[in-house]
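Colleague: Provide a 3D model corresponding to the input given below.
(chains A and B)
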Protein chains: 2
Amino acid sequence: MAKEFVVGVDVGGQTSKIGVVDIHGDVLAQSVIRSDTYGSDAGAFIAALAEAILACISQADKTPDDIRGIGVGAPNGNYYTGEVAFAPNLAWAAHGSVQLAGLLSEACGGIPVSLTNDANAAAVGEMTYGVAKGMKDFIMITLGTGVGSGIVVGGQVLYGSDGFAGELGHTTAVRHNGRLCGCGKTGCLEAYCSAIGIARTAREWLEGSDEPSKLRDLDTITSKDIYDAARAGDAFALKVFDYTGKLLGASLADFIAFSAPEAIVLFGGLARAKEFLAGPIEESMNANVLPLWKGKVKLLFSSLKESDAAILGASALAWEL
Amino acid sequence: MAKEFVVGVDVGGQTSKIGVVDIHGDVLAQSVIRSDTYGSDAGAFIAALAEAILACISQADKTPDDIRGIGVGAPNGNYYTGEVAFAPNLAWAAHGSVQLAGLLSEACGGIPVSLTNDANAAAVGEMTYGVAKGMKDFIMITLGTGVGSGIVVGGQVLYGSDGFAGELGHTTAVRHNGRLCGCGKTGCLEAYCSAIGIARTAREWLEGSDEPSKLRDLDTITSKDIYDAARAGDAFALKVFDYTGKLLGASLADFIAFSAPEAIVLFGGLARAKEFLAGPIEESMNANVLPLWKGKVKLLFSSLKESDAAILGASALAWEL
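Modeller: Predicted coordinates for the structure are as follows:
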């Protein structure tokens, strides 16, 4: 009998989401396990994940024999080697590399496993089911806790010579006196245009000025707080979004010069602030590209539910198995 | 009989070089015509080019029937459309687009013509005959009058959605108060790390300081003058190279984050100053990449003769015809 179902797994720092998916992209069953309760014990995490995957397959009224493969998206996941390596947000893979694809396949009774990083999986999801459907050349930028990217060239994810291509969050957005990024470099796009980055901007600006803002009353400021303040008309919060969008737009212009994509797709928590980001991003992107691209490259915001895009993207990988 | 020969054409602002090439990459006959004596008359240039190509084929003791195809590298040449469009250095294609591939094929009695931009052609030449032989993922940067680039991904030139991918000379190297570039933008890599860019740096620095340098005695300063001064131990000239190399290295780090190449290959007039550029480029490139790439991406300097690389690269295109 044909194996007409796949499993998509989105491994995140706090939770890992699992879905059994059919050929139409319909999710037949879903479950979630924690990723952060195993310390540095990769084996324990993988055993728990395999157990949850097999349970999810049963829950969908299928057996492992019905499953063509398991596609996994994980931070720092390498498509070529099947390893997750030096992923700061995964304690069990923070200080070395874990052969996630091989070990998970073994733990699931030999179902083949394909692995890629989470942003690449989201790009595949977007290309298969989302706003990039039918596109062959686009760049996916994930604006979450960090900034990730998945680059699609000629309908294929760009993996490069070592499987790690598409780390656009760690290109330099501010070359002079740039902020220290979690990766150890300074001035990275991620240090400014992630959920954490925009909150840093707000805090730094508040400390350096007397400008009035609702945000002053808060002990800690999150990107959600800035969004809520902007919606309430807070001029300071709007300025923070304007700065963040313009910085991102200038970086996007450089990315366009690289691969001449048809579209840039924005995805992730911060991308939900489309109403405040789209204007400044587009203005700055078009001001910084060569004349031949002015007004030509679409700026799109993902319309897939975040968890779905990641599961669906990871599952789309499994169809190739 | 099999068509076992191809023609490679390198169209430049001043001259166009033609070579008849066999399957081993040996150039059997060569010639050169001027590109700059036809004003805006594209038809006259194409007629002269076709005549020279047919003469070169005869000179190699071949007939048009022996020729599989003609590969052409030209500034702003588009692989998809066969057009040269808005090329500032070609008067006959400066203000519009010219269907060079179609018209040249017609003028050569129907020999098929494939066109790409000059930096892409050089990348193909380097991959087929030069230091990138056997590589599947590398980035070619041409440091000439301007800064061009050819990006190879999985053994294929990256053309993008519109055929114009790989304009890395127009990514932003200096975001704050950057120099005006010929393209109309500010802060472009080309405005700093080209032959013209490095000469601008020297002039600006001399005007802004009293620092002693042999270069002060010159009416006009070229990149060659800076090179000669550096060789003679001029500390100012060495500082200019150091700045230029570090700026380029920081940009290369961002390019690495995009496509994770095995190597960066530098090519063109300014790349001949390897002794003064290699050190600062490598230092800055490795300081600005993610830890996973530190010391891993090779920095190579082309060893092909410039005219050969362009002709051979263009000719390599023709084998695909």
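Colleague: CA atoms for contacts and neighbours, from now on please.
Modeller: Fine.
Colleague: which bits of chain A sit near chain B?
Modeller: Proximity of chain A to chain B (Cα under 8 Å from any Cα of the partner chain) is limited to residues A:136-137, A:153-154, A:158-168, A:170-172, A:174-175, A:183, A:185, A:253-254, A:256-262, A:288-291.
Colleague: Pull out the buried members of those residues.
Modeller: A:136-137, A:153, A:158-168, A:170-172, A:174-175, A:185, A:253-254, A:256-262, A:288-290 (16 or more other Cα atoms under 10 Å in any protein chain shown).
Colleague: just checking, which of the residues you listed belong to strands?
Modeller: Within these, residues falling in strands by DSSP state E are A:Val153.
Colleague: Just the ones of the buried ones among the residues of chain A next to chain B in helices?
Modeller: A:Ala253, A:Asp254, A:Ile256, A:Ala257, A:Phe258, A:Ser259 (DSSP state H).
Colleague: domain parsing for chain A?
Modeller: Chain A breaks down by automatic domain parsing into domains covering A:5-124+A:307-318, A:134-301.
Colleague: Which one, of these, ends up nearest to B:Asp219?
Modeller: Proximity to B:Asp219 (Cα to Cα) singles out domain A:134-301 among these, at 32.9 Å.
Colleague: can you list the weak-confidence ranges in chain A?
Modeller: Applying pLDDT under 70 to chain A flags residues A:1, A:306-307.
Colleague: what about the strands in it?
Modeller: A:5-11, A:15-22, A:27-34, A:67-73, A:84-85, A:97-98, A:113-116, A:138-143, A:147-153, A:156-157, A:263-267, A:298-301.
Colleague: I'd like those strands laid out as a markdown table, including distance to B:Ala87.
Modeller: Shown next, in a markdown table, are the strands of chain A (distance: least, Cα to Cα, whole Å):
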| stretch | distance to B:Ala87 |
| --- | --- |
| strand A:5-11 | 47 |
| strand A:15-22 | 50 |
| strand A:27-34 | 51 |
| strand A:67-73 | 43 |
| strand A:84-85 | 45 |
| strand A:97-98 | 48 |
| strand A:113-116 | 40 |
| strand A:138-143 | 26 |
| strand A:147-153 | 26 |
| strand A:156-157 | 31 |
| strand A:263-267 | 25 |
| strand A:298-301 | 25 |
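Colleague: one step back: out of the domains of chain A, flag the one nearest B:Ile46.
Modeller: domain A:134-301 (24.6 Å).
Colleague: related to what we said a few turns ago, quick one, which of the strands of chain A gets closest to A:Ala237.
Modeller: Smallest distance to A:Ala237 across the strands of chain A (Cα to Cα): 17.9 Å, for strand A:138-143.
Colleague: Can you name the residues in contact with that closest one?
Modeller: Residues outside strand A:138-143 that contact it (Cα atoms under 8 Å, 6 or more residues apart in numbering or on different chains): A:119-120, A:122-123, A:132, A:147-153, A:193-195, A:261-271.
Colleague: and stretch A:159-169, how far out from the chain's middle?
Modeller: 14 Å (Cα atoms, centre = their mean, to the nearest Å).
Colleague: quick revisit: closest to B:Lys298 among the ones in helices among the buried ones among the residues of chain A next to chain B?
Modeller: A:Phe258 (19.6 Å).
Colleague: quick one, what contacts the residue lying closest to the closest one once chain neighbours are set aside?
Modeller: Spatially, and ignoring its direct neighbours in sequence, A:Phe258 is nearest to B:Gly166 (4.7 Å; Cα to Cα, 6 or more residues apart in numbering or on different chains). Residues in contact with B:Gly166, defined by Cα under 8 Å, 6+ apart, are A:Ala257, A:Phe258, A:Ser259, A:Ala260, B:Gly148, B:Ser149, B:Gly150, B:Ile151, B:Leu158, B:Tyr159.
Colleague: 10 Å - rerun?
Modeller: By Cα atoms under 10 Å, 6 or more residues apart in numbering or on different chains, the contact set of B:Gly166 is A:255-260, B:117, B:119-120, B:139-141, B:148-152, B:157-160.
Colleague: Same check on A:Ala101?
Modeller: Contacts of A:Ala101 (Cα under 10 Å, 6+ apart): A:46, A:70-72, A:77-79, A:81-84, A:112-116.
Colleague: if we can go back for a sec, Serialize the domains of chain A to CSV and add fields for distance to B:Gly233.
Modeller: Shown next, in CSV, are the domains of chain A (distance: least, Cα to Cα, whole Å):
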stretch, distance to B:Gly233
domain A:5-124+A:307-318, 45
domain A:134-301, 30
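Colleague: Out of those domains, which one sits most buried?
Modeller: Mean neighbours per residue, mean count of other Cα atoms under 10 Å in any protein chain shown, is largest over the domains of chain A for domain A:5-124+A:307-318, with a mean of 22.
Colleague: Any idea how far apart the tips of that domain sit?
Modeller: End-to-end distance for domain A:5-124+A:307-318: 9 Å, by Cα to Cα, to the nearest Å.
Colleague: Stretch A:207-221 now?
Modeller: 12 Å.
Colleague: how near is whichever residue of the stretch 1-150 of chain A sits closest to chain B to A:Asp228?
Modeller: The stretch 1-150 of chain A approaches chain B most closely through A:Asp137 (5.7 Å), counting by Cα to the nearest Cα. Distance, A:Asp137 to A:Asp228, by Cα to Cα: 34 Å.
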